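J.: Predicted model follows, preceded by the sequence.
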Amino acid sequence: MFVKGAPERVLVMCCAQRTNGQDEPIDVTSWQNTIERIAGLGQRLLAIGFKALPSQQSQIGFKDVETGLTLLGLIGMIDPPRPEAMLAVQTCQNAGIRVKMITGDHAATAAAIAAQLNIGNGSVLSGAELDRMTESELKRAVRDVDVFARSSPENKLRLVAALHANGHVVAMTGDGVNDAPALKCADVGVAMGKKGTEVAKEASEMVLADDNFASIAYAVEEGRGIYDNLKKSIIFILPTGFGEAFVIVSAIFMGEALPITPVQILWVNMITTVLLSLTLAFEPPERNIMIRKPRKPQEPLLTGFLTWRIVFVSLIMVTGSMGLFLWERSLGTSIEEARTVAVNTLVFYQIFYIFNSRYLYHSVLNLQGLFGNLLIWLAIIALILFQFAFTHWQPMQTVFGTTDLSLQTWQKVAVVSASVFFLVEFEKFIIRLFLPKSKIKNRKTV
C-alpha cells in the first residue's frame, strides 16, 4: 500500500524510513530540515510512504494508513511562476490592487514563490494558524499578511469574509469544487477555464479562459478604459442637452422667439451628438491608467468636479448660441437665418468640445491629444458635410426651416464656437495648478 501527501502529514504516519533497501528508525528532525531546505527553493513537495499488508487482506480502510508507514522519500517539483504572471502582479500592485496568494503548498514553498512574485513582506500564515484565530484576529491579520499556506476551503472562505469586513472589494480565483464557496462569497469570482471544474465555473462571475493571471490584469485595464470612456461620453453629451434646454429657457424669460425649433433640436440630438459621442467609445486606454488608485465603490458616476465641468460648458454654449442669435436679430436678419446661425453654433461647439473631452485634466494641445483618435476626425468631416446640407440643401431647408449663410456668417460661427476649446483648456490649466500632482498623475482622466 503506497501513500503520497504533504510531508508533514506523512511523517506523522511513518515509524520507519527505507535506507539502502533496509528499514531504519525514522529521523524526523533530519527530514524536517530537508523539507525546509527544499521548500525554501520554491519547490512543491510530496512525501511517499508504503506499508506492507497481509496477502489475505482484501480491503483497505483509513485506519490502515494512519500509522505504521515506512517513508520512501521526498519529491520536489519545480513549478516556477510564469514571467508574464510576475509582470502582471507588479502591474496590479501599481494599480492599487493588493495581490494575496492562498495555496495548499508548504509555508516555505509559498514564501519562496511569493518572494519571486514580490508578494507580501515575507510573512506566511498556515491553515492551522488560521484555524486557531478568532474572526477579529483574522480581520487584523489579513491587513498585514499576503501569503497563506496549507489553506483549506474553510480558510479561503474565512479570508474572503475577513477582507470584506475590512471594506475591501475582493476578487477570488479558484478551480476546484472546494473553491466554490469562496468564489461565490467574493465580489468577483474568477474560475479557471481549462482546469477548472464546472462547479467552480458556475459559482464564479468570470471564467479565465487561458488560466493565466496576466489576463486578469488585462481585464482590469480594459474595464478602467471602458469606465473612463463612459464618463467621457457623459461629460460630452450632457452639456449639449443642458445647452439646448437653457437656450429655450433663456429665450422664454427674455421674451424672444425660440432660437431653435423642436425639429432642429431633434436634428442636433439625432445626428450631431450621437455621431460624435460614439467616437469616444473607441478611445484607447490612457497611458497611465494602470498606475492610478482604484476608485471608491461608493463614488458616484457624476462627481462634483464633473458636474462643474458640465455646467461650465453648458453656460459657454448657451452664451455663444444665444448671443449670436440676438446679434443676428439686431442686424435685422430673418428669424430663419438667426435660427440657422444658432443651430450651427451649437453644433460647432460640440465639434471643438469633443477634443476637450478626451482628457479630463490634461491638455489636448499636443499630437496625441489632437490626432490620437482618428475616428473623431472622420466623424467631424461627416458632420460638417451634414451641416452644410442642413444649411444649404433646398430639401433640408424646407424640412428644418433653415436658410443659406454667407461666408462672413460662417466665420462668426467658427470663431465663437472655438471659444469653448480654449476656455476649457484654460480651466484645465488652472485646475492643474491647484490640484495635487499625485492625483493628476494617478487619475489622468477620472
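T.: Structure's in. What do you need?

J.: hey, let's count contacts and neighbours off CA atoms from now on
T.: Noted.

J.: In this protein, where's the longest helix?
T.: Determined from DSSP state H, the single longest helix within the chain is helix 213-254.

J.: And the contacts of the following helix or strand past that helix?
T.: For helix 213-254, the following helix or strand on the C-terminal side (DSSP states H and E) is helix 262-267. With contacts defined as Cα atoms under 8 Å, 6 or more residues apart in numbering, helix 262-267 is touched by Glu244, Val343, Phe400.

J.: Report the separation between the last one and Gln264.
T.: Put plainly, it is Phe400. From Phe400 across to Gln264, the span is 6 Å (Cα to Cα, to the nearest Å).

J.: how distant is stretch 279-294 from the center of its chain?
T.: Distance, stretch centre to chain centre, for stretch 279-294: 9 Å (Cα atoms, centre = their mean, to the nearest Å).

J.: Could I get the average pLDDT for that stretch?
T.: Mean per-residue pLDDT for stretch 279-294: 85.

J.: One more: stretch 62-81?
T.: Here stretch 62-81 scores 89 as its mean pLDDT.

J.: Give the buried residues for that stretch.
T.: Val65, Gly68, Leu69, Thr70, Leu71, Leu72, Leu74, Ile75 (16 or more other Cα atoms under 10 Å).

J.: Distance to Lys201 and secondary structure added to these, as CSV?
T.: Formatted as CSV, the buried residues of stretch 62-81 follow (distance: Cα to Cα, whole Å; DSSP: H, G, I helix; E, B strand; the rest coil):
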residue, distance to Lys201, secondary structure
Val65, 34, helix
Gly68, 41, coil
Leu69, 38, strand
Thr70, 40, strand
Leu71, 38, strand
Leu72, 38, strand
Leu74, 34, strand
Ile75, 31, strand
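
J.: Could I get the full set of strands for the chain?
T.: Along the chain, the stretches classed as strands by DSSP state E are 2-5, 14-19, 22-25, 43-50, 69-78, 101-102, 124-126, 147-149, 171-174, 188-192, 206-208.

J.: ok, the first one: who's next to it in the sheet?
T.: In the sheet containing strand 2-5, its partner strands are strand 43-50 (antiparallel), by DSSP bridges.

J.: picking up where we left off before, pick out the lowest-pLDDT one from the contacts of helix 262-267.
T.: Glu244 (84).

J.: Wait, that residue touches Val318, no?
T.: Yes: in this structure, Glu244 is within contact of Val318 by Cα atoms under 8 Å, at 7.4 Å.

J.: about what we covered before: can you list the strands of the chain in JSON lines and add distance to Val249?
T.: Formatted as JSON lines, the strands of the chain follow (distance: least, Cα to Cα, whole Å):
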{"stretch": "strand 2-5", "distance to Val249": "78"}
{"stretch": "strand 14-19", "distance to Val249": "88"}
{"stretch": "strand 22-25", "distance to Val249": "96"}
{"stretch": "strand 43-50", "distance to Val249": "73"}
{"stretch": "strand 69-78", "distance to Val249": "73"}
{"stretch": "strand 101-102", "distance to Val249": "59"}
{"stretch": "strand 124-126", "distance to Val249": "65"}
{"stretch": "strand 147-149", "distance to Val249": "61"}
{"stretch": "strand 171-174", "distance to Val249": "49"}
{"stretch": "strand 188-192", "distance to Val249": "46"}
{"stretch": "strand 206-208", "distance to Val249": "48"}
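
J.: And those strands: which comes nearest Ala251?
T.: Closest to Ala251 of the strands of the chain is strand 188-192 (Cα to Cα; 51.0 Å).

J.: domains for this structure, by residue range?
T.: Domain assignment of the chain by automatic domain parsing yields the ranges 2-78, 83-216, 220-442.

J.: Excluding chain neighbours, give the residue nearest to Pro284 in space.
T.: Gly225 (7.2 Å; Cα to Cα, 6 or more residues apart in numbering).

J.: Correction: the previous question concerned Lys184.
T.: Ala203 (5.2 Å).

J.: tell me, how many neighbours does Thr307 end up with?
T.: 13 (other Cα atoms under 10 Å).

J.: hmm, back to that, so which elements touch the longest helix of the chain?
T.: helix 83-94, helix 274-280, helix 304-330, helix 335-356 (3 or more Cα pairs under 8 Å, 6 or more residues apart in numbering; DSSP states H and E).

J.: which one of the ones you listed is the most hemmed in?
T.: Ranked by mean neighbour count, the helices and strands packed on helix 213-254 are led by helix 335-356 with a mean of 24 (mean count of other Cα atoms under 10 Å).

J.: quick one: that helix to chain centroid distance?
T.: On Cα atoms, centre = their mean, the centre of helix 335-356 falls 36 Å from that of its chain.

J.: okay, and the helix or strand of this structure with the least pLDDT?
T.: helix 437-442 (a mean of 49; mean pLDDT, DSSP states H and E).

J.: gap between Leu72 and Thr34?
T.: On the measure of Cα to Cα, Leu72 and Thr34 end up 14 Å apart.

J.: you'd agree Asn178 is up against Pro153?
T.: Yes: Asn178 lies in contact with Pro153 (Cα under 8 Å); the separation is 5.6 Å.

J.: so where is the chain shaky, pLDDT-wise?
T.: 435-446 (pLDDT under 70).

J.: Return the residue of it that is most distant from the centre.
T.: Gln56 (62.9 Å; Cα atoms, centre = their mean).

J.: okay if I get the helices and strands packed on helix 213-254 as CSV plus distance to Val416?
T.: Shown next, in CSV, are the helices and strands packed on helix 213-254 (distance: least, Cα to Cα, whole Å):
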stretch, distance to Val416
helix 83-94, 43
helix 274-280, 20
helix 304-330, 6
helix 335-356, 7
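
J.: between these, which one is nearest to Val10?
T.: helix 83-94 (31.9 Å).
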